[in-house]
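J.: coords below, sequence missing:
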């Protein structure tokens, strides 16, 4: 079965698959690409009907495998991870905890706060008040990373912070 | 087994369970409360160590059942929905599609955009530029609801819009 992942045509890398489709590609690597066929990447015209039929919000990535079409990276990664040799634990409680962190990563890690930060840091700002808002957005990201560092036992937060908010 | 859901002590309803814990309560109703015991609600001091041990970001709801402690409503609802009589379909593809909409509901429905709108609409605004930013935030919510209406076949968007963005 051929798996099709739709990357973002206008991403900074020109649609080579280093935007949010990275998550889906990474998950496919984890289960072994040969297990589910070789991913085929194609550029997507995000707001055209053909793509909106796959993704109602006109975003990427989408995932197609035979009759199955999925959107939302969390769902795609979740679906791929359930493969027999996938990274999700067999024990029900351990699996529920792993899925919890999948939702948390999307909501608190690479989600809206980070995207807001990227937009606020854009040269000249996207809006007249972007510069004024930037410290607030940065504080929100740092707050999440500090909380994450506390949970992971990294008291000063330096490693996690350096990867995201500085 | 007793299930414990932590509601938000300072929600507008005084912690009666009508904040984000509603999702977890609703899911428990779907599978039948007797199946997994009666939910017991308790108020949470969100930023204290005892609660942070359950939820690293100091939010609600949390879910406790024996040795299992979960956070993130998406994960909690996902876990509850997998019960044998739960609402998730048995067919693997249908189940993957249902899980896709669980992620979509969190990311595009009751998620960050709606929360931003609520904050931007707060009396006097939370920030000096809140009033100036409000139309942008409203447009983002309307855009998502229009896209959702298109997918659901409700061409003018009136029903979906009236529930959220007006």
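T.: That came in fine, so what should we check first? None of these values were measured; they are calculated from a predicted model.

J.: residues from chain A in reach of chain B?
T.: Within chain A, the positions adjacent to chain B are A:52, A:56-58, A:67-68, A:70-72, A:74-75, A:78-79, A:93, A:96-97, A:99-100, A:102-104, A:106-108, A:111-112, A:127-129, A:132-133, A:136, A:144, A:147-148, A:150-151 by Cβ under 8 Å from any Cβ of the partner chain. (Glycine included, C-beta is placed from N, CA and C.)

J.: Pull out the buried residues from the residues you listed.
T.: Buried subset of the residues of chain A next to chain B (neighbour count, 16 or more other Cβ atoms under 10 Å in any protein chain shown): A:52, A:56-58, A:68, A:70-72, A:74-75, A:78-79, A:96-97, A:99-100, A:102-104, A:106-108, A:111-112, A:127, A:129, A:133, A:144, A:147-148.

J.: from those, which ones fall inside helices?
T.: Among those, the ones falling in helices (DSSP state H) are A:52, A:74-75, A:78-79, A:96-97, A:99-100, A:102-104, A:112, A:133, A:144, A:147-148.

J.: which residues does the residue nearest to residue A:96 when sequence neighbours are not counted contact?
T.: Ranked by Cβ to Cβ, 6 or more residues apart in numbering or on different chains and with sequence neighbours excluded, the top spatial neighbour of residue A:96 is residue B:79, at 4.6 Å. Residues in contact with residue B:79, defined by Cβ atoms under 8 Å, 6 or more residues apart in numbering or on different chains, are A:96, A:99, B:63, B:70.

J.: okay, residue B:79: pLDDT?
T.: Residue-level confidence at residue B:79 comes out at 90, pLDDT.

J.: What separation is there between it and residue B:22?
T.: Per Cβ to Cβ, to the nearest Å, residue B:79 is found 16 Å from residue B:22.

J.: ok, now residue A:99?
T.: Noted for residue A:99: a distance of 20 Å to residue B:22, by Cβ to Cβ.

J.: now residue A:130
T.: 34 Å.

J.: any idea of the mean pLDDT in stretch A:83-96?
T.: 88.

J.: hmm, back to that, could I get the contacts of residue B:79 as JSON lines with distance to residue B:86?
T.: Formatted as JSON lines, the contacts of residue B:79 follow (distance: Cβ to Cβ, whole Å):
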{"residue": "A:96", "distance to residue B:86": "13"}
{"residue": "A:99", "distance to residue B:86": "14"}
{"residue": "B:63", "distance to residue B:86": "14"}
{"residue": "B:70", "distance to residue B:86": "15"}
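
J.: What is the lowest-pLDDT residue among those residues?
T.: The lowest pLDDT within the contacts of residue B:79 belongs to residue B:63, with 89.

J.: Can you give the strand pairings for the helix or strand that residue falls within, parallel or anti for each?
T.: Assessed by DSSP states H and E, residue B:63 sits inside strand B:62-65. Using DSSP bridges, the strands paired with strand B:62-65 are strand B:3-5 (antiparallel), strand B:68-71 (antiparallel).

J.: so does whichever helix or strand comes after the shortest one get close to chain A?
T.: Translated: strand B:3-5. Using DSSP H and E, the helix or strand that directly follows strand B:3-5 along the chain is helix B:21-31. No. Judged by Cβ under 8 Å from any Cβ, helix B:21-31 stays clear of chain A, getting no closer than 11.9 Å.

J.: Tell me the buried residues in helix B:21-31?
T.: Those would be B:21-25, B:27-28, B:30-31, for helix B:21-31 by 16+ other Cβ under 10 Å.

J.: will you turn those residues into CSV that also has pLDDT and distance to residue B:86?
T.: As requested, those are arranged in CSV below (pLDDT from 0 to 100; distance: Cβ to Cβ, whole Å):
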residue, pLDDT, distance to residue B:86
B:21, 76, 18
B:22, 79, 18
B:23, 83, 14
B:24, 82, 13
B:25, 80, 15
B:27, 86, 8
B:28, 84, 10
B:30, 85, 7
B:31, 83, 5
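
J.: can you list the weak-confidence ranges in chain A?
T.: Where chain A drops to pLDDT under 70, the residues are A:1, A:8-18, A:33-44, A:109-126, A:154-166.

J.: go again using 50 as the cut-off
T.: Filtered on pLDDT under 50, chain A yields the residue ranges A:35, A:155-166.

J.: Excluding sequence neighbours, find me the nearest residue to residue A:104.
T.: The shortest distance from residue A:104 to any non-neighbouring residue, by Cβ to Cβ, 6+ apart, is to residue B:72 (5.4 Å).

J.: Pull the contacting residues for the one you found.
T.: Applying Cβ under 8 Å, 6+ apart, the residues contacting residue B:72 are A:100, A:103-104, A:107.
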